[in-house]
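> The sequence and its predicted three-dimensional model are supplied below.
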Amino acid sequence: MNKILINALLVSEKSSGIGNYGYNLINSLDRLDLKYDISSLVQKKIESNNIDIQIKQCSNRYHRILYEQIPLRRNYKNYDLIHFIDYSSPIIAINTPFIVTIHDLSFYKYPETFNYGSRRIKQILAPISIKRSNKVIADSKNTKKEILSRFNINESKVKVIYPGSPSYNKIEDIRKLEAVKRKYGINQDYILYVGTIEPRKNLLRLLEAYHNLLKQGIKEKLVIVGKKGWLYEDIFKKVEELGLDKQVLFLGYLPEKEKVALYSGAKVFVYPSLYEGFGLPPLEAMSCGTPVVVSNSSSLPEVVGDSGIYVDPKRADSIAQGIYDLLDQKKLREKLSLLGVKRSKKFTWEKSIKNILEVYDKIL
């Protein structure tokens, strides 16, 4: 039986983005009767019946990267195929065939939204991973297009496989919703954002847009859910500068159940990101029946389709108008809620895993 290792070290106790991708990949594979001997390297305990879960705790991202580049590299020879869920293949070439999932190239498109260390590491490792890999999996058509425009590789080497949507459903039990709202001091209707707090997510313009909406008389609070990323200090300074301390709630990283409750209870979900490789939070919100306002750029139109309101992420007034239109029109919210639930069902991990296993099959 061929042996496969999934390097999913970004799966940790507070996973977001790529870490969530890895977690869902592992869980979805574990449900199947596999013809491969699959192991996965992660940073937290995962219950598994069919996959060998190997845990390696790393103190920070630099510790993780160093471990991947030196000690872990020696182990790759013990496998027939490696799947990197991020651009983390070793700088010193390995003989084992490997696949890399590329989620986005934001560090090229918006380098100013990364700190210097993170940007340089990604710009070094991404070309190596893409060029040496046997196959590149891209999260979206937009990501594939950008890979092909930047790197001199054959179009057939890159396969688009959309991630699946989590199995979220709208929570209808008002008592459960109110319990979570009380816990976090939410005592009125609210606009919700979920995602890492970092410049690429465009929260500075969201705060400006929200400030303008308050001037127009809206009463909803702005609730921001997600852990701090990098270069987040200006975001908190902007809240103070605009005098929004009482209107904007930063709740940090939340457990899945509480996050689903907040999605379900939100009047509007807003995601004005400058750039996304896929864009999972809007899909999560749509699964819960919450109407979404998203950027009209990168991969987001692929995900949201005709089920949301699109705005120009580089204009605070456009973001404000998109939010206002949804807040002001109940029938539009109801329409997009239904369309969003329907749209979210197109993205399943069953489909994703089927396509990923086909990639494994062709290499092995």
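That came through fine.
> where exactly do the strands run in this structure?
3-7, 37-42, 52-55, 81-84, 98-102, 135-138, 158-160, 190-194, 221-225, 248-252, 268-271, 292-295, 308-311 (DSSP state E).
> Kindly compare burial across those and name the winner.
The highest mean neighbour count among those, using mean count of other C-beta atoms under 10 Å, belongs to strand 292-295: a mean of 29. Every residue, glycine included, has its C-beta placed from N, CA and C.
> Packing partners of that strand?
strand 268-271, helix 280-287, helix 300-304, strand 308-311, helix 316-328 (3 or more C-beta pairs under 8 Å, 6 or more residues apart in numbering; DSSP states H and E).
> Turn these into CSV, including mean pLDDT and distance to residue 23.
Listed next are those as CSV, based on pLDDT from 0 to 100; distance: least, C-beta to C-beta, whole Å:
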stretch, mean pLDDT, distance to residue 23
strand 268-271, 98, 21
helix 280-287, 95, 12
helix 300-304, 97, 19
strand 308-311, 98, 25
helix 316-328, 97, 30
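> Now render the ones you listed as TSV, adding distance to residue 7.
Shown next, in TSV, are those (distance: least, C-beta to C-beta, whole Å):
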stretch	distance to residue 7
strand 268-271	28
helix 280-287	20
helix 300-304	26
strand 308-311	34
helix 316-328	37
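> wait, which of these is closest to residue 11?
Nearest of the helices and strands packed on strand 292-295 to residue 11, taken as C-beta to C-beta: helix 280-287 at 14.6 Å.
> how big is the angle separating the closest one from strand 190-194?
Relative orientation of helix 280-287 versus strand 190-194 (axes from the mean of the first three to the mean of the last three C-alpha atoms, to 10 degrees): 140 degrees.
> Using PDB, write out the CA atom coordinates for helix 280-287.
Output in PDB follows, covering the C-alpha atoms of helix 280-287 (Å, rounded to 0.1, in the frame of the first residue of the first chain):
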ATOM      1  CA  LEU A 280     -14.500  30.700   3.100                       C
ATOM      2  CA  PRO A 281     -16.200  33.100   5.600                       C
ATOM      3  CA  PRO A 282     -18.800  34.300   3.100                       C
ATOM      4  CA  LEU A 283     -19.600  30.700   2.300                       C
ATOM      5  CA  GLU A 284     -20.000  29.900   6.000                       C
ATOM      6  CA  ALA A 285     -22.300  32.900   6.400                       C
ATOM      7  CA  MET A 286     -24.400  31.800   3.300                       C
ATOM      8  CA  SER A 287     -24.700  28.300   4.800                       C
END
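> So which elements touch it?
strand 190-194, helix 256-265, strand 268-271, strand 292-295, helix 300-304, helix 330-344.
> Turn these into TSV, columns for distance to residue 88.
As requested, these are exported to TSV (distance: least, C-beta to C-beta, whole Å):
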stretch	distance to residue 88
strand 190-194	25
helix 256-265	25
strand 268-271	26
strand 292-295	27
helix 300-304	25
helix 330-344	29
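> what's the closest non-adjacent residue to residue 140?
residue 299 (3.8 Å; C-beta to C-beta, 6 or more residues apart in numbering).
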